[in-house]
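1. Sequence first, predicted coordinates after that:
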Amino acid sequence: MGFYPSEKELVKDIVRRLQATGEYRGVYSFINLANYKPDKHWSQWYGEHSPTLQPEIDLLLVSFGYRTLLIRGVEVKYIAMKTRKKKDKEETKISESYYAGIEQALSILRLGVDEAWLWHFFDRNVPSELIGKYVGACHGIIQSLKLPIGYSAYLVEEEEEVHIYGEGYKLISNEPIITPLYVPYYSTELTKKKNCRSNWWKSYLKLAPKNPLFDHPIAKEVVMKTREFLKLMLNIPSE
């Protein structure tokens, strides 16, 4: 069984952790723009039907630089070993493919974010050898095809503290620890970046480029309209 009961619970915990850092002006989760009556907005202001506003954004991170608003959209995948009963036998398999989330991360670019990211979180119950293969393969395909998304991989693990009481001791489990992972380009050699745990969200295998649709001669207009709608629905100040 995985550390988190579901991917949704993992995302909720990530939101709590990122809000506590104070690094972002806004941390949002499970943003589905189709739920904000986009047809009414597009009809009123543009005299047309709204575009397809999918997928749901797992995480939306908003920060301000020097006179600059930065909106990052993140697709989160929680990858763990799952045991299922098949007839009279139990079968254990990994929950996701190595390329899980790539299509969603690419689709987020249509929603007007500055950067789109894919974050893979591997549960402690996934063998290290398998994690290395997955991360190396995913990193390799994103890098080789020059896909315009960022990629990060993490291990969700548990660390126990020893508390001594008199002559005895007791192991007390802390909350899950998120450890950034590193695998060289097209390799399977896995390294845990334990020294980066305190700022795990800043570690990456591939940095996200600027959203290329902002400069696309055809897509730019729709993407910028969607960006304004996103900001309006979430009360994000205009740039």
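-> In hand now; what should we look at?
2. which residues of the chain fall in helices?
-> For the chain, applying DSSP state H gives helices covering 7-21, 38-46, 102-108, 128-144, 220-233.
3. would you turn those helices into TSV with distance to residue 208?
-> For every residue, glycine as well, the C-beta is placed using N, CA and C. Formatted as TSV, the helices of the chain follow (distance: least, Cβ to Cβ, whole Å):
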stretch	distance to residue 208
helix 7-21	16
helix 38-46	25
helix 102-108	9
helix 128-144	10
helix 220-233	16
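4. so where is this structure shaky, pLDDT-wise?
-> 1, 159-174, 239 (pLDDT under 70).
5. in the top strand by length along it, what's buried?
-> Ranked by number of residues, the top strand in the chain under DSSP state E is strand 68-79. Buried residues in strand 68-79, defined by neighbour count with 16 or more other Cβ atoms under 10 Å: 69, 71, 72, 73, 74, 75, 76, 77, 78, 79.
6. how far off helix 128-144 does it point, in degrees?
-> Between strand 68-79 and helix 128-144, the angle comes out at 140 degrees (axes from the mean of the first three to the mean of the last three Cα atoms, to 10 degrees).
7. so how far is stretch 52-65 off the chain centroid?
-> In terms of Cα atoms, centre = their mean, to the nearest Å, the centre of stretch 52-65 is found 10 Å from the chain centre.
8. who touches that stretch?
-> Contacts to stretch 52-65, defined as Cβ atoms under 8 Å, 6 or more residues apart in numbering, come from residues 11, 14-15, 18, 23-34, 38, 69-76, 104, 107-108, 111, 113, 119, 226, 234, 236.
9. before we move on, the earlier item: reformat the helices of the chain as TSV; add mean neighbour count and distance to residue 212.
-> Below are these laid out as TSV (neighbours: other Cβ atoms under 10 Å; distance: least, Cβ to Cβ, whole Å):
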stretch	mean neighbour count	distance to residue 212
helix 7-21	16	26
helix 38-46	13	23
helix 102-108	20	11
helix 128-144	18	14
helix 220-233	17	10
